[in-house]
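Asker: model this:
(chains A and B)
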Amino acid sequence: MIVTPDSPVISLFLAPAATMLRVVGTSGGCEFQRKIAALGIYPDEQLEIVERHCQGALIIRVKGARLAIGQGMSRKIKVKVI
Amino acid sequence: MVTAFKIVLAGNPNSGKTTIFNGLTGARQHVGNYPGVTVEKIVGSFRVDDCRIEVTDLPGTYSLTANSPEELIARNVIITEKPEVVVNIIDASNLERNLFLTLQFMELGVPMVLVLNMIDNARDNGIEIDTARLSRLFGAPVVCTVGSKGQGIAELKKVIAGLVQSGRKSVPKKVEYADELMLPVRELSRILTGSGEIPEGYDAAWLAIKLFEKDKEIVELFASGPGGRAVLDQADALMERLESEFDEPSEILVTEHRYGFIAGTCREIVRPTLRKRRDISEAVDSIVTHRILGIPLFLGLMYGVFYLTFAVGDPFMGWIEAGFGGLGNFVSSWWPPGSENALKSLLVDGIIAGVGGVIVFLPNIIFLFLAIAILEATGYMARVAFIMDRLMNKIGLHGKSFIPMLIGFGCSVPAIMATRTLSLRRDRMTTMLVVPLMSCGARVPIYALIIPAFFPARWEAAVMWSVYIIGIIAAVICAKLLRSTLFRGENEPFVLELPPYRIPTVKSVCLHMWERSLLYLQKAGTLILAASVILWIMTNYPQKKNLSRNYAAEIAAVEQSRLKAEPKTAAIKALRGKKMAEELSYTCAGRIGHALEPVLRPMGFDWKIGTALIGAFAAKEVFVAQLGIVYAVGETDESETLRKKLQENYTALQAYCIMLFCLLSAPCMATIAVTRRESNSWFWALFQLAGLTVLAYIVTAIVYQTGLLFSGAV
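Answerer: Numbers count the residues shown, from 1 in each chain, chains lettered A, B, ... in the order given. Below is the predicted model:
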């Protein structure tokens, strides 16, 4: 696997589906960050968009489970294409 | 001697805790395949030899940090009640995620049993777990189970009994994360120990980790102590150093180390045996959660459910109806004609007509709940929450609000309790206030009585569907209003784990259906029986001794007359009707109904409906019971069913308005009481009651008046 160090940081909202992505960071309050981290979304973790819905609602696969994510949230997660 | 021990079941949402709980205790708790089925802690017990073991089923949680009310409940039970053993239920097919919670039990240092549940799923997915090594690494016994088939339950009981009897606390190993985290943790725990500020029952290292996680509850715990501020300042200093060193918030750092530890563990204990087969759940989801098809599919499914409720339930209802009719005639036959007294009327017109009128709808209830239980148990409801999130967002609600709302189709009381899964107060309060607009099971008898009486058979499902949809739309509008006035603020982002689809076991679905039916029958036998008696008294007393006309003589005169058969019966019927109306108007219920009539008239309701509406506030089914009583009292012609009598007295527009009012007004006293409890304020409970009543009044009146205009124009 080649990691291109300069692939741009985008929000999950804009990221392509069916590609491995690396979480760069999350924005939002401390409680929010802690909560989604418990679900497996935290810096350096890999995830993949399984399905894309309207306005940024997504189903992602992370740590072997599928999570449904609302539109507001996909904007708060910053990722890089691996 | 019997000794009692306390244990708790804990685990992630959807790990099958409730199934294991039922397996251990023989209880019949409802099992669903979506997060948040268990919102309150549930207690049961089982026995091994001389030990009575008390089991508490905790709400499912992902962590023990104060992120949501359930997580706090779970944590506080473990810390304050000090169970002998924590039985950690782990979904074996989802090990990495589930161990995240396990690690936090280790941090707490509580004795554990690890249960690898749904081990068959894991094997099917090509995962082999080295349980002996897992047990060594975590310092806790491991048991493999398949909860739905009861496999491994006996062994689990044995292991638990062995643990509690040995008296030797099998404390798991202390977790050792990497030094970069553990050094500051140790430093802080030394500070905490030295300060003497540690509250009774807490462990210093655990508190240190929680402080690094910025856990609000724990910070407050210290802040309230006399020397707490100083300790917190020192903790902050350490935290700042840590954060600047790693350029990351400390709470994220803790999570990363936990997942890091788990990744290491999994590498050691998990052996993939075959390539993961194509996931059926994903294939189904690509259709069910499709961005265009998802919502129509859901609406179609709900339509199918209602169709089933009527089509399949109908013949059974006929039998029950006939049965109660026969019973009424049988009881009437105890009194020879002419010797009827108040007792006969109480039994036949009060109890049999009232309770029977409610029990008749048992088949509808059974089929409705059967369908909902199946949808729930498969895991479909979690998808519904997701596809609805976009819509829910538009009205300012969270997708998760949809789950309480769905439960609200069954009963508002558990639905209001289920709002606990919402962590923001504004989301929670809004949901709680609008949940009663979801048409609950108690309203079904009203629809089931009215719809077939006034609408052609092919429209039945559509009319019922429209009632439910109107409820949903009303909830949407109210929620939007509340969120833009009283509960302003940003939405909480939506995230929900989609559990794999599961084929529900016949046993669990039947159990759920049985429970609901039993509950319905119990209610009919207690609350509705009592209400029937009270309402019968109210509709019979005080009795008017001197009627304005001598009806008996007039009827006799008509009978003697030379009129043809048809106009004769019509004339007699009219006279009887007038007599009944005069008698009823004099009674307690009649007077209340008449007093209310001017208020109810804009909605097209007469005073008879008014009396039924009063009863309906105790429980919605009473509405049907009371109509049965009103139309049974004073009638001598027993052969006519209630539906026929309604057809003679009301128009389809009035009938629809009755359903509308029942749908939108407050469902019952219990709902208001539970809102009071959950919101912890009488203000919101009364606000809900008043708001719903006003809403129901205005909408019904508008519909009735508009309907009149149109029917007048045609």
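
Asker: so residue B:301 makes contact with residue B:375?
Answerer: Yes: Residue B:301 is within contact range of residue B:375, at 7.2 Å (criterion: C-beta atoms under 8 Å). The C-beta positions use only the backbone N, C-alpha and C, and glycine is treated the same way.

Asker: of these two, who's got more company?
Answerer: residue B:375 (21 against 14; other C-beta atoms under 10 Å in any protein chain shown).

Asker: For that one, which non-adjacent residue is closest in space?
Answerer: Residue nearest to residue B:375 in three dimensions, not counting chain neighbours: residue B:381, with 6.2 Å by C-beta to C-beta, 6 or more residues apart in numbering or on different chains.

Asker: tell me which element that neighbour is part of?
Answerer: For residue B:381, the host element (DSSP states H and E) is helix B:380-394.

Asker: does the nearest residue to residue B:620 once chain neighbours are set aside sit in a helix, a strand or a coil?
Answerer: Spatially, and ignoring its direct neighbours in sequence, residue B:620 is nearest to residue B:442 (3.9 Å; C-beta to C-beta, 6+ apart). On the three-state scheme (DSSP: H, G, I helix; E, B strand; the rest coil), residue B:442 is labelled helix.

Asker: All the strands of chain A, residue numbers only.
Answerer: For chain A, the strands defined by DSSP state E cover A:9-11, A:20-26, A:46-52, A:58-62, A:65-69, A:77-81.

Asker: Quick one: closest of those to chain B.
Answerer: strand A:65-69 (3.8 Å; C-beta to the nearest C-beta).

Asker: which ones are touching whichever residue of chain A sits closest to chain B?
Answerer: In chain A, the residue that lies nearest chain B is residue A:70 (2.7 Å; C-beta to the nearest C-beta). Residues near residue A:70 by C-beta atoms under 8 Å, 6 or more residues apart in numbering or on different chains: A:57, B:389, B:390, B:393, B:399, B:491, B:493, B:494, B:495.

Asker: Recalculate using a threshold of 7 Å.
Answerer: Each residue near residue A:70 by C-beta atoms under 7 Å, 6 or more residues apart in numbering or on different chains is listed here: A:57, B:389, B:393, B:399, B:493, B:494, B:495.

Asker: Kindly provide the distance from the fourth one to chain A.
Answerer: Summarising the geometry, the distance separating residue B:399 from chain A, computed by C-beta to the nearest C-beta, to the nearest Å, is 6 Å.

Asker: That residue - nearest residue in space that isn't next to it in sequence?
Answerer: residue B:389 (2.9 Å).

Asker: Give me the pLDDT for the residue of chain A closest to chain B.
Answerer: If you check residue A:70, the pLDDT there is 84.

Asker: Ramachandran angles for it?
Answerer: With angles defined as degrees, to the nearest 10, residue A:70 sits at phi -80, psi 170.

Asker: Also residue B:613?
Answerer: Dihedral angles (degrees, to the nearest 10) for residue B:613: phi -70, psi -30.

Asker: Between the strands of chain A, which one is closest to residue B:545.
Answerer: With C-beta to C-beta, the closest approach to residue B:545 among those belongs to strand A:65-69: 69.2 Å.

Asker: Might you report the residue contacts of residue 74?
Answerer: Looking at chain A here, since you left the chain open. Applying C-beta under 7 Å, 6+ apart, one finds that residue A:74 lies in contact with A:11, A:12, A:13, A:56, A:58.

Asker: Can you look at chain B instead?
Answerer: Per C-beta under 7 Å, 6+ apart, neighbours of residue B:74: B:10, B:58, B:59, B:61, B:64.
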